[in-house]
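In: starting from these lines, generate the structure:
(2 chains)
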There are 2 protein chains.
Amino acid sequence: MADVAFASEESLERLFRQARTHSAWLDRPVAPELLRQIYDLAKWGPTSANSSPARFVFVTTPEAKARLLPAVAPGNVEKTRTAPVNVIVAWDTLYYDELPRLFPHAPGMRDFFAGNPEMAREAALRNGSLQGGYFILAARGLGLDCGPMSGFDAAKLNAEFFPDGRWKANFLLNLGYGDPDKLMPRNPRLDFDEACRVL
Amino acid sequence: MADVAFASEESLERLFRQARTHSAWLDRPVAPELLRQIYDLAKWGPTSANSSPARFVFVTTPEAKARLLPAVAPGNVEKTRTAPVNVIVAWDTLYYDELPRLFPHAPGMRDFFAGNPEMAREAALRNGSLQGGYFILAARGLGLDCGPMSGFDAAKLNAEFFPDGRWKANFLLNLGYGDPDKLMPRNPRLDFDEACRVL
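Out: Next up is the predicted model:
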């Protein structure tokens, strides 16, 4: 239990109820220190054995964006081109090599993952995506809007940004200040009784 | 951009910096309406094509817990036994059947996923885990503490709770009010310069 018992209603509005996925961006840059602040919040979220497999590549320059755009699906090009920052949410395929430092009280964990590549990959996708969720909410909490995307050519992107094969893209995320006038109507969600069971 | 521009510093403390994974629980029940409130916040988080593959099974009775415990890894039994509520964070293998309703402006998406089972499964793991991240932060925002766990026998759990094979467990999560006196020292996280690159 933290010293602060609850998030404020206003914060829950900001993080969940009012927040929207954005595709159109105001002409307002993202301060570079915000990128660090997002990570320094998101890093505290829990992962299995504190394994923290996610890695984040911030695409902030025209040169880097020119490398990214050819890998993005046609329907995602314009929003990616116009967003102030694009983030490649990736994972480190050798994340388990950090476990002796990140999870020191269970020294066998590194070898367990290293010896089970399929389980290691699935755990990276699970925990790296959890970290992606923390990242999205941290960015929103710091006043930014997000536009996450799965529509891209992963092989092409990985070859361009991670030629040594160690990091792999999980999903993409545009960051900036969204234009509220360009939002589409919100899509529905499943009701509690459709998505949940209480036993 | 939401009407509320930022989450409060106190809320960011609660959600990220001060929040800890708990294994020991205060003798304080979780109000049943909180389970619905967590979901009704978490459901708004973004997923690919609004696909919302996650499903949540709340284990709240001794009878249901007795079905869960045999599938939990030995090191996780005591914390699971003593937690007021256990959550099976699952996904619906046929989640794409809801796409015509959840993402009506792209009517081909259902058939795209239905025809690509490997991609559909990977998207479910990615987006269901994103939703798991939203769920954890929503629970924290409502004053609860979490103890997420990957240590369980998925085949055994799925056979017990999802015998028709449609839903599958992704990870487990204990919910309650953690005992701050029983926390272990916090494990380190990777620094920004280790986990991030700015291009």
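
In: centre of the chain to stretch A:77-89, how far?
Out: What separates the centre of stretch A:77-89 from the centre of its chain is 13 Å, taken as C-alpha atoms, centre = their mean, to the nearest Å.

In: now do the same end-to-end measure for that stretch.
Out: Terminal residues of stretch A:77-89 lie 17 Å apart, using C-alpha to C-alpha, to the nearest Å.

In: right, and the helix or strand after the strand with the most length in chain A?
Out: Secondary structure of chain A read by DSSP state E shows that its longest strand is strand A:167-176. As assigned by DSSP states H and E, the chain's next helix or strand after strand A:167-176 is helix A:192-195.

In: counting by contacts, list what that next one packs against.
Out: Applying 3 or more C-beta pairs under 8 Å, 6 or more residues apart in numbering or on different chains; DSSP states H and E, we find helix A:192-195 packed against helix B:32-42, strand B:54-59. C-beta: built from backbone N, CA, C; applies to glycine.

In: closest one to A:Val198 among the ones you listed?
Out: strand B:54-59 (4.6 Å; C-beta to C-beta).

In: tell me the angle of the closest one relative to helix B:32-42?
Out: 170 degrees (axes from the mean of the first three to the mean of the last three C-alpha atoms, to 10 degrees).

In: give the residue spans of chain A that score low on pLDDT.
Out: A:1-4 (pLDDT under 70).

In: all helices for it, in order.
Out: A:9-12, A:32-42, A:62-68, A:77-82, A:99-102, A:109-114, A:117-141, A:154-161, A:192-195 (DSSP state H).

In: okay, the helices and strands packed on helix A:192-195, which one's buried deepest?
Out: strand B:54-59 (a mean of 24; mean count of other C-beta atoms under 10 Å in any protein chain shown).

In: what lines up beside that one in the sheet?
Out: Strand pairing for strand B:54-59, determined by DSSP bridges: strand A:196-198 (parallel), strand B:85-92 (antiparallel).

In: can you check which of these gets nearest to B:Ala24?
Out: Among the strands paired with strand B:54-59, strand B:85-92 sits nearest to B:Ala24 (C-beta to C-beta), with 14.9 Å.

In: and the residue nearest to the spatial centre of chain A, how far from B:Cys196?
Out: The centre of chain A sits closest to A:Gly132, judged by C-alpha atoms, centre = their mean, with a distance of 3.0 Å. Distance, A:Gly132 to B:Cys196, using C-beta to C-beta, to the nearest Å: 13 Å.

In: for A:Pro84, same thing?
Out: The gap separating A:Pro84 from B:Cys196 is 17 Å, by C-beta to C-beta.

In: in chain A, which residue sits closest to chain B?
Out: Using C-beta to the nearest C-beta, the point where chain A gets nearest to chain B is A:Gly133, with a distance of 2.4 Å.

In: would you agree that residue is in contact with B:Ser129?
Out: Yes. Judged on C-beta atoms under 8 Å, A:Gly133 makes contact with B:Ser129 at a distance of 7.2 Å.

In: picking up where we left off before, for the residue nearest to the centre of chain A, what are its contacts?
Out: A:Gly132 sits next to A:54, A:89, A:148, A:170-171, A:173, B:129-130, B:133 when contact means C-beta atoms under 8 Å, 6 or more residues apart in numbering or on different chains.

In: got it, and A:Ala83?
Out: A:25, A:147, A:174-176.

In: ranking these by neighbours, who comes first?
Out: Neighbour counts for the contacts of A:Ala83 (other C-beta atoms under 10 Å in any protein chain shown) peak at A:Leu175, which has 27 neighbours.

In: hang on, isn't that residue packed against A:Ala139?
Out: Yes. In terms of C-beta under 8 Å, A:Leu175 counts as a neighbour of A:Ala139; the distance is 6.1 Å.

In: hey, what's in contact with both of those two?
Out: Counting by C-beta under 8 Å, 6+ apart, the shared contacts of A:Leu175 and A:Ala139 are A:145-146.

In: who does the closest residue to A:Ile136 other than its chain neighbours bridge with?
Out: Closest residue to A:Ile136 apart from its sequence neighbours, by C-beta to C-beta, 6 or more residues apart in numbering or on different chains: A:Cys146 at 5.0 Å. A:Cys146 has these beta-bridge partners by DSSP bridges: A:Leu175.

In: my guess is A:Cys146 meets A:His22, correct?
Out: Yes. Using C-beta under 8 Å, A:Cys146 is in contact with A:His22, at 7.1 Å.

In: between those two, what contacts are shared?
Out: Contacts common to A:Cys146 and A:His22, judged by C-beta under 8 Å, 6+ apart, are A:Asn174.

In: hmm, back to that, looking at the contacts of A:Ala83, which is nearest B:Arg14?
Out: B:Arg14 has its nearest neighbour among the contacts of A:Ala83 in A:Leu175, at 23.3 Å by C-beta to C-beta.

In: enumerate every residue touching the closest one.
Out: Contacts of A:Leu175 by C-beta under 8 Å, 6+ apart are A:30, A:83-87, A:139, A:144-147.

In: swap the cut-off to 7 Å and go again
Out: A:30, A:83-85, A:87, A:139, A:144, A:146 (C-beta atoms under 7 Å, 6 or more residues apart in numbering or on different chains).

In: next: A:Pro185.
Out: Shown in contact with A:Pro185 (C-beta under 7 Å, 6+ apart): no residues.

In: before we move on, what about A:Thr21?
Out: For A:Thr21, counting by C-beta under 7 Å, 6+ apart, the contacting residues are A:146-148, B:46.

In: go again with 6 Å.
Out: Going by C-beta atoms under 6 Å, 6 or more residues apart in numbering or on different chains, A:Thr21 touches A:147, B:46.

In: how much space separates it from A:Gly147?
Out: According to C-beta to C-beta, A:Thr21 stands 5 Å off from A:Gly147.

In: for A:Pro29, same thing?
Out: From A:Pro29 to A:Gly147 the distance is 16 Å (C-beta to C-beta).

In: again, but for A:Ser129
Out: Taken as C-beta to C-beta, the span from A:Ser129 to A:Gly147 is 17 Å.

In: same question for A:Thr82.
Out: 10 Å.

In: B:Glu13: which of the strands paired with strand B:54-59 is closest?
Out: strand B:85-92 (23.9 Å).
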